[in-house]
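K.L.:
this is a predicted model, with the sequence first.
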Amino acid sequence: MTDPYAEIAAELRRIADDFETLAGKDIAAPALSLAVQPRGTTDNGIVAAVDAIAGVLLGKPGITRHMSGGVYHHDAGGYRGALRIDVFQQVSDPVAREQAAELARLRAELAALTGTTAVTG
C-alpha cells in the first residue's frame with residue numbers, strides 16, 4: 001500500500017500538467033478550490049491532522065468553531081495564489097470534551113481516595 005499523501009501529491013502534479021496545457025488559450029480563468037477533510041477516529045487525531053495539513057498548505061493551524069446546526073468543525077482556510085484551500089473536519093463540542101475529561105479525572109481521584117476500583121455515573 002502506498003502512502004495516501006504521496007498518491008494525492010502525484011495526482012495533483014498530473015492535474016497541474018493538465019492545467020498547463022490550457023495556458024495561452026483564450027479561455028476564462030477558473031475559480032479553483034481544494035477541500036481537504038482528514039479522516040480520524042478521535043477528536044485529538046482529527047485536530048492533529050487538520051493542524052498538520054493546514055500548517056503545510058496554509059502556514060497556520062486550524063481552530064475549532066461552532067457551526068450552524070450545533071456542530072463543531074476544526075478548520076483552517078485561506079488562499080494560496082488563486083487557489084482557495086479549506087481544511088476541516090467535524091469534532092465534538094470542546095467544552096463537553098473538557099468536562100468529560102475533568103469528570104474522569106475526578107472519578108479516578110475519588111476511587112483512589114476511597115480505595116475503590118471505579119466510580120461511574
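P.N.:
Right, received. Where do you want to start? Numbers count the residues shown, from 1 in each chain.
K.L.:
pLDDT at G59, what is it?
P.N.:
The model reports G59 with a pLDDT of 97.
K.L.:
next one: T2
P.N.:
Note on T2: pLDDT of 84.
K.L.:
could you look up the SS state of I85?
P.N.:
Here I85 is strand, with the state taken from DSSP: H, G, I helix; E, B strand; the rest coil.
K.L.:
hey, what's it bridged with?
P.N.:
L34, G78 (DSSP bridges).
K.L.:
ok, now the one 4 residues further on?
P.N.:
Note on Q89: beta-bridge partners H74, judged by DSSP bridges.
K.L.:
which residues does it contact?
P.N.:
Q37, P38, R39, G40, I46, A49, V50, H73, H74, D75 (CB atoms under 8 Å, 6 or more residues apart in numbering). From N, CA and C alone the C-beta is placed, and that goes for glycine too.
K.L.:
try it again with 6 Å
P.N.:
Q37, P38, I46, V50 (CB atoms under 6 Å, 6 or more residues apart in numbering).
K.L.:
now D75
P.N.:
G62, F88.
K.L.:
distance check, it against A35.
P.N.:
10 Å (CB to CB, to the nearest Å).
K.L.:
coming back round to it: in JSON lines, list the contacts of Q89 along with secondary structure, distance to T116 and pLDDT.
P.N.:
JSON lines is the format used below for the contacts of Q89 (DSSP: H, G, I helix; E, B strand; the rest coil; distance: CB to CB, whole Å; pLDDT from 0 to 100):
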{"residue": "Q37", "secondary structure": "coil", "distance to T116": "43", "pLDDT": "96"}
{"residue": "P38", "secondary structure": "coil", "distance to T116": "40", "pLDDT": "95"}
{"residue": "I46", "secondary structure": "helix", "distance to T116": "34", "pLDDT": "95"}
{"residue": "V50", "secondary structure": "helix", "distance to T116": "39", "pLDDT": "97"}
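K.L.:
sounds good, over and out.
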